[in-house]
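Asks: Next one to model:
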Amino acid sequence: MLKDTLRPLKNWGTATTWRIGHRFRLVRPIKAPVSFVVEKADWSIRWDGEHIRDVANEITGNTTVEVTDSAYRVTEQVVHFGSQYMWLHWGRFLSKRNRFVVSFFHGKPEDGPQVEQHIESFLKSVPSLTTVITAASMMEQRLLKWGVPREKLVRIPIGVNTRSFRLPTPLERAKSRDRFGFTPDQVVIGSFQKDGVGWGYGMEPKLIKGPDIFIAAVERIARVLPVSVLLTGPARGYVKNELNRRGIPFVHIYIKEQASLADCYHALDLYLVTSREEGGPKGIMESMASGVPIVSTCVGMAPDLIVDGVTGGLAESEDVEGIVERALRILSLPEGESANLKVQAAEAVKVCDWSVVGRRHLKEVYEPLLDHAS
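Replies: Numbers count the residues shown, from 1 in each chain. This is a model prediction of the structure:
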């Protein structure tokens, strides 16, 4: 148990002594006044923290925010946990002299017993928090309904780099499709996420991400159009196996650097989000910024950004027919109407650019806490 192997013994002002197993270690604290705590994995939450850090530090001209995966180094600071899971894992071990901020992206009791228990534990911890950040209006309303005080809640969208994710030139689009072996007549549908359980091959579907709905929708679209699928992300075994069973061609590439994803979007004709629950997801913002028409279930930030029929397609969760109908309608738009949808989508998502999102974290969350502390 982490509780038995990692705990602080005493604070010495400039350093903290921790017992790690049976050893003792003197750990120097992080110097920046704001620490953004991330997982050790090079994945979504770390990327968020790095973007927020870069924008905040550029604005202030100082090292105001530092990203760390070593929460035990944090003392007498503003500590921003990139997810509520890390907060519940670490929070009870850290000095109460810190001021704690947590990003809570998604979850509801109906998602299962483990999620229900997690939410109960989180809500019990809220008195120890100064700020709860959430990205979507529907999640904001849930948190208020569950009793999180209005004055502790801040809604800031998940960010996207609109310089990397942008509308491609015709030549860039042609090169991207050629890179993955797609012919001009193929209708390429994208799904860039992790939707299998664990970090292995992912044969067990993570149903909250809707891989079963994705397969059902793609199969029906493929009855009408020459569909091919582009996949990225780990643990896609279930989706790949089901596409093989149905004879639907696909390409799977594991993108380790987020910036390389932009080239993948340039190859697409349509992006599908078929999740049952989401905090964002990032695919919504990235596809809209990249000029890729999107059809999404009504999850996460989708209702905040997508106007059905104007900037994309919006369907109810598990509504396969609704997803398919909107996908076919968007794919059959005349060239002028299609171009207009892409431009409006790219305009709508500018509120999520990291330059805006990073500044909002600094001005609406960090600075008020730092000013209060001083």
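
Asks: And the helices in the stretch 51-200 of the chain?
Replies: Counting by DSSP state H, counting those that start in this stretch, residue ranges of the helices within the stretch 51-200 of the chain are 84-90, 113-125, 137-145, 170-180.

Asks: which one of those is the most hemmed in?
Replies: Mean neighbour count (mean count of other Cβ atoms under 10 Å) peaks for helix 84-90 among the helices of the stretch 51-200 of the chain, with a mean of 19. Glycine gets a C-beta too; all of them are placed from N, C-alpha and C.

Asks: Take that one, keep the C-alpha atoms, and write them as CSV.
Replies: C-alpha atoms of helix 84-90 as CSV (Å, rounded to 0.1, in the frame of the first residue of the first chain):
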residue,chain,number,x,y,z
GLN,A,84,-9.1,13.9,-9.9
TYR,A,85,-7.7,10.4,-9.8
MET,A,86,-4.2,11.6,-9.0
TRP,A,87,-5.6,14.0,-6.4
LEU,A,88,-7.3,11.2,-4.5
HIS,A,89,-4.1,9.1,-4.8
TRP,A,90,-1.7,11.8,-3.5
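
Asks: And for that helix, what's in contact with it?
Replies: For helix 84-90, the external contacting residues (Cβ atoms under 8 Å, 6 or more residues apart in numbering) are 2, 37-39, 45, 71-72, 81, 100, 102-105, 107, 118, 121-122, 125, 129.

Asks: just how off-centre is it within its chain?
Replies: 17 Å (Cα atoms, centre = their mean, to the nearest Å).

Asks: Switch the helices of the stretch 51-200 of the chain over to JSON lines; also include distance to Val310 and mean pLDDT.
Replies: JSON lines is the format used below for those (distance: least, Cβ to Cβ, whole Å; pLDDT from 0 to 100):
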{"stretch": "helix 84-90", "distance to Val310": "33", "mean pLDDT": "91"}
{"stretch": "helix 113-125", "distance to Val310": "33", "mean pLDDT": "94"}
{"stretch": "helix 137-145", "distance to Val310": "18", "mean pLDDT": "97"}
{"stretch": "helix 170-180", "distance to Val310": "23", "mean pLDDT": "95"}
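
Asks: Next, format these as CSV and append distance to Glu257.
Replies: Below are the helices of the stretch 51-200 of the chain laid out as CSV (distance: least, Cβ to Cβ, whole Å):
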stretch, distance to Glu257
helix 84-90, 23
helix 113-125, 30
helix 137-145, 28
helix 170-180, 16
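
Asks: Which of the ones you listed sits closest to Glu278?
Replies: Distance to Glu278, taken as Cβ to Cβ, is lowest for helix 137-145 among the helices of the stretch 51-200 of the chain, at 9.4 Å.

Asks: what about dumping the CA coordinates of the closest one to PDB?
Replies: Extracted C-alpha coordinates of helix 137-145, given in PDB (Å, rounded to 0.1, in the frame of the first residue of the first chain):
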ATOM      1  CA  SER A 137     -20.900  22.700 -19.200                       C
ATOM      2  CA  MET A 138     -22.700  19.400 -18.600                       C
ATOM      3  CA  MET A 139     -20.000  18.300 -16.100                       C
ATOM      4  CA  GLU A 140     -20.100  21.700 -14.400                       C
ATOM      5  CA  GLN A 141     -23.900  21.200 -13.900                       C
ATOM      6  CA  ARG A 142     -23.300  17.700 -12.400                       C
ATOM      7  CA  LEU A 143     -20.700  19.000 -10.000                       C
ATOM      8  CA  LEU A 144     -23.000  21.800  -8.800                       C
ATOM      9  CA  LYS A 145     -25.800  19.200  -8.400                       C
END
